[in-house]
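Pasting the sequence and the predicted model now:
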Amino acid sequence: MSMLVTGGAGFIGANFVHHRRASHPQERLVVLDALTYAGNLQSIAPLLDAGEVHFVRGDICDDALLARLFAEHDFAQVVHFAAESHVDRSIVAPDAFVRTNVNGTLSLLKAALAAHRKTGTLQRFHHVSTDEVYGSLGLSDPAFQETTAYAPRSPYAASKAASDHLVNAYGHTYGLLITISNCSNNYGPFHFPEKLIPLMIVNLLQGKPLPVYGQGANIRDWLHVSDHCTAISAILDRGRAGETYNVGGNSEVANLELVHQLCDAFDARFLGDPDLRRRFPASPASQGRPSRELVTFVQDRPGHDYRYAVDTSKISAELGVRPLVALADGLASTIGWYLDNEAWWRSVMTGEYQNWVNSHYGAAS
Ligand code: NAD
Ligand code: TYD
């Protein structure tokens, strides 16, 4: 059984490849990833070195490449992670979001349908999407359900909403065996340090300001990436074709409170560890000062969604999936991962890694 994993060198995709490889070692995983700034082959390097995962560098908008891959591997399952994923980038430069998230998803759907019509092998096309397609909630609004009307408000959310509609349309119109998951904010290992949690961690380590948008009052529902991977696996194995499943952490926190939690966890950790104080001398925690002093309020994001919250009762009732990692534990282990993997985050931030990619694969066009 072969599975195509698009975006398997990105944050969630890489975690999923590790997760699925461990739980389903009999499956053959083929990762297709363009290795944009957000894709890091180092995140799946041990599996590649061991020959346990097959990697293809390529673009999901490349119809000829997709046709070749489907013909060669006759995939039984597709899990589609590849996307432009950062809201702030979508506000400055939306074109790439429409190209990859909308056109790329359509290319993938066309290739999957054509292959399925030839061989009948494809059992599932799973599309990984976001709760941001549902828009923004007020403090007392009920959490997003699968039936909540779409109301995307950022170019990123709009492009993901369009891709969801295309995936559903391929299910309804052509009978493609699709599922969709709409998930809340993830955090954990291999997270590119432009999103809130990894950015705060690497800035804390380097003694740099912690930029909090507006007053830090916006609320997100945080889910450890391992719980997201478990949910996707369950949907692939036991989910009903044609269905959408919301996935969330049941862990709503305002941004400033989350940043304070990270700061306090840092202070406690550094206090008892002279080695950390030696390795990261610029961190206030190394100098016996509170990390919270780095919090800096900056201009708010335009159109900043106030609150996301996800009603997880459907996936919990149907598939028995619920988040297992408590936020405090997940933040502590994530801080630990960044402490243990300094080479990873330094190389993805400095461009050193992108240079390596270009020397091995040629510069992206
Ligand atoms: P990411 O930005 O870390 O990774 C995206 C990956 O896709 C990278 O490896 C990148 O190289 C690859 N990619 C980008 N354009 C490509 C193209 N044209 N062709 C092939 N590969 C391409 O993203 P992520 O955070 O891992 O998110 C994965 C998916 O999950 C996305 O679809 C995102 O919308 C969705 N999602 C993310 C979150 C979150 O909190 N990060 C929450 C819910 C849903
Ligand atoms: P982010 O990680 O970009 O995810 P999303 O926008 O998809 O929810 O941002 C999470 C929250 O943190 C969001 O409310 C914006 C805020 N934020 C900051 O306050 N400062 C930052 O530097 C970043 C990147 C985000």
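Ah, there it is. Please read these numbers as outputs of a predicted model, since none were measured by experiment. Numbering: from 1, shown residues only. Ligands and ions are numbered 1, 2, ... in the order given.

how close does the closest residue to ligand 2 within the stretch 1-150 of the chain sit to Gly8?
Closest to ligand 2 within the stretch 1-150 of the chain is Val87: 4.0 Å, counting by Cβ to the nearest ligand atom. (C-beta placed from N, C-alpha, C; glycine too.) To Gly8, Val87 is 22 Å away according to Cβ to Cβ, to the nearest Å.

higher neighbour count, these two?
With neighbours defined as other Cβ atoms under 10 Å, Val87 and Gly8 compare such that Gly8 has more, 31 against 20.

ok, that one - contacts?
By Cβ atoms under 8 Å, 6 or more residues apart in numbering, the residues touching Gly8 are Ala14, Phe16, Val17, Leu29, Val31, Leu32, Asp33, Ile44, Val53, Phe55, Phe81.

Next: Gly58.
Gly58 neighbours (Cβ under 8 Å, 6+ apart): Leu32, Asp33, Ala34, Leu65, Leu69.

Backbone dihedrals for it, both of them.
With angles defined as degrees, to the nearest 10, Gly58 sits at phi -180, psi 170.

so the residue of the stretch 1-150 of the chain closest to ligand 2 touches Arg153, yeah?
No - Val87 lies out of contact with Arg153 (Cβ atoms under 8 Å); the separation is 9.7 Å.

okay, and the common contacts of these two?
With Cβ under 8 Å, 6+ apart as the test, Val87 and Arg153 both reach Glu132.

Can you list the neighbours in contact with the helix ranked longest in the chain?
Criterion DSSP state H: the longest helix present in the chain is helix 155-174. Here helix 155-174 makes contact (Cβ under 8 Å, 6+ apart) with 83-87, 89-91, 94, 97-98, 101-102, 105-106, 109, 112-113, 125, 127, 129-130, 132-133, 135, 150, 152, 176-178, 180, 182, 241-242, 244, 305.

Which strands and helices lie in contact with the very next helix or strand once past it?
Sequence order places strand 178-183 as the next helix or strand after helix 155-174, per DSSP states H and E. Applying 3 or more Cβ pairs under 8 Å, 6 or more residues apart in numbering; DSSP states H and E, we find strand 178-183 packed against strand 124-130, helix 155-174, helix 225-238, strand 244-247.

can the third one be found next to ligand 1?
No - Helix 225-238 lies out of reach of ligand 1 by Cβ under 6 Å from any ligand atom, never closer than 7.4 Å.

now the angle from that helix to strand 124-130?
On the basis of axes from the mean of the first three to the mean of the last three Cα atoms, to 10 degrees, helix 225-238 is oriented at 150 degrees to strand 124-130.

Pull helix 225-238 out as CSV, backbone CA atoms only.
Below are the C-alpha coordinates for helix 225-238, written out as CSV (Å, rounded to 0.1, in the frame of the first residue of the first chain):
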residue,chain,number,x,y,z
VAL,A,225,1.0,18.3,16.8
SER,A,226,1.2,14.6,17.9
ASP,A,227,-2.6,14.8,18.8
HIS,A,228,-3.3,16.2,15.3
CYS,A,229,-1.3,13.3,13.7
THR,A,230,-3.3,10.8,15.7
ALA,A,231,-6.5,12.4,14.5
ILE,A,232,-5.5,12.4,10.9
SER,A,233,-4.4,8.7,11.1
ALA,A,234,-7.7,7.8,12.7
ILE,A,235,-9.6,9.6,9.9
LEU,A,236,-7.6,7.7,7.3
ASP,A,237,-8.2,4.4,9.0
ARG,A,238,-11.7,4.7,10.3
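
Show me what counts as buried in the longest helix of the chain.
Residues of helix 155-174 classed as buried: 155-164, 166-168, 170-171 (neighbour count, 16 or more other Cβ atoms under 10 Å).

ok, now stretch 265-278?
Along stretch 265-278, these residues count as buried under the neighbour rule (16+ other Cβ under 10 Å): Ala265, Phe266, Asp267, Phe270, Leu276.

Serialize those to TSV and add fields for secondary structure, distance to ligand 2 and pLDDT.
Output for the buried residues of stretch 265-278, formatted as TSV (DSSP: H, G, I helix; E, B strand; the rest coil; distance: Cβ to the nearest ligand atom, whole Å; pLDDT from 0 to 100):
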residue	secondary structure	distance to ligand 2	pLDDT
Ala265	helix	17	97
Phe266	helix	17	94
Asp267	helix	20	96
Phe270	helix	22	94
Leu276	helix	23	96
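
which one of those is nearest ligand 1?
Of all those, ligand 1 sits closest to Ala265, with 20.0 Å by Cβ to the nearest ligand atom.

remind me which residues of the stretch 151-300 of the chain are low pLDDT?
Within the stretch 151-300 of the chain, no stretch has pLDDT under 70.

Repeat the analysis, applying 90 as the threshold.
272 (pLDDT under 90).

Show me what from it comes close to ligand 2.
Residues of the stretch 151-300 of the chain found near ligand 2 (Cβ under 6 Å from any ligand atom) are Asn185, Lys195, Leu196, Leu199, Pro211, Val212, Tyr213, Asn218, Arg220, Asn255.
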